[in-house]
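Chemist: dropping a prediction and its sequence here:
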Amino acid sequence: MDQEERIIAVVEKKIDDYKHLCGLGFMMRVADPESREHVTRIGARVLMAKWSIGPPAGSFVQAVADNNLAEAFGRADSINTDSLKFYSMLIYNTAYIE
C-alpha cells in the first residue's frame, strides 16, 4: 500500500468517526456513495497539500490546507460546503501518515 492509499484509508475511517459531529448536511452527503467518494478524495488531497505530498493542490484544497476560510467557502461546491467542518477536523486531528 503506498502513502496515498494509506491517507485515503485514514480519511475513510475519519469520515465514520466524525460524521455525527459535522452536521446533518454532512451525514446526508456521506450516505451517498458518490458524494462520500468526493469527500474522501478531497480530504486526502487536503492532507497531502498540508504535508506537501504529490501534485500541486487545486484552489479549494489549497485554501483549506492554508486555513483560509473565506477563500475555501468561495471556492467550495455544495458537497464541500457541507464538508468544511470535517476537513477542518481532519487537518487538526490527523498526524503525518507515512
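Modeler: It's in.

Chemist: grab the most central residue of this structure for me.
Modeler: Gly43 (2.1 Å; CA atoms, centre = their mean).

Chemist: could you look up the SS state of that one?
Modeler: At Gly43, secondary structure determined by DSSP: H, G, I helix; E, B strand; the rest coil is helix.

Chemist: what does Ile53 give?
Modeler: With three-state DSSP as the basis, Ile53 sits in coil.

Chemist: isn't it right next to Gln3, touching?
Modeler: Yes: shown here, Ile53 and Gln3 form a contact pair, counting by CB atoms under 8 Å, at 6.6 Å. Backbone N, C-alpha and C define where each C-beta goes, glycine included.

Chemist: is Met48 in contact with Gly58, as I believe?
Modeler: No: proximity of Met48 to Gly58 does not meet the contact threshold set by CB under 8 Å, at 11.4 Å.

Chemist: which one's more surrounded, these two?
Modeler: Higher neighbour count among Met48 and Gly58: Met48, with 20 against 12, using other CB atoms under 10 Å.

Chemist: grab the nearest non-local neighbour of that one.
Modeler: Using CB to CB, 6 or more residues apart in numbering and skipping residues adjacent in sequence, the residue nearest Met48 is Gly54, 4.8 Å away.

Chemist: quick one, phi/psi of the one you found?
Modeler: Dihedral angles of Gly54 (phi, psi; degrees, to the nearest 10) stand at phi 80, psi -160.
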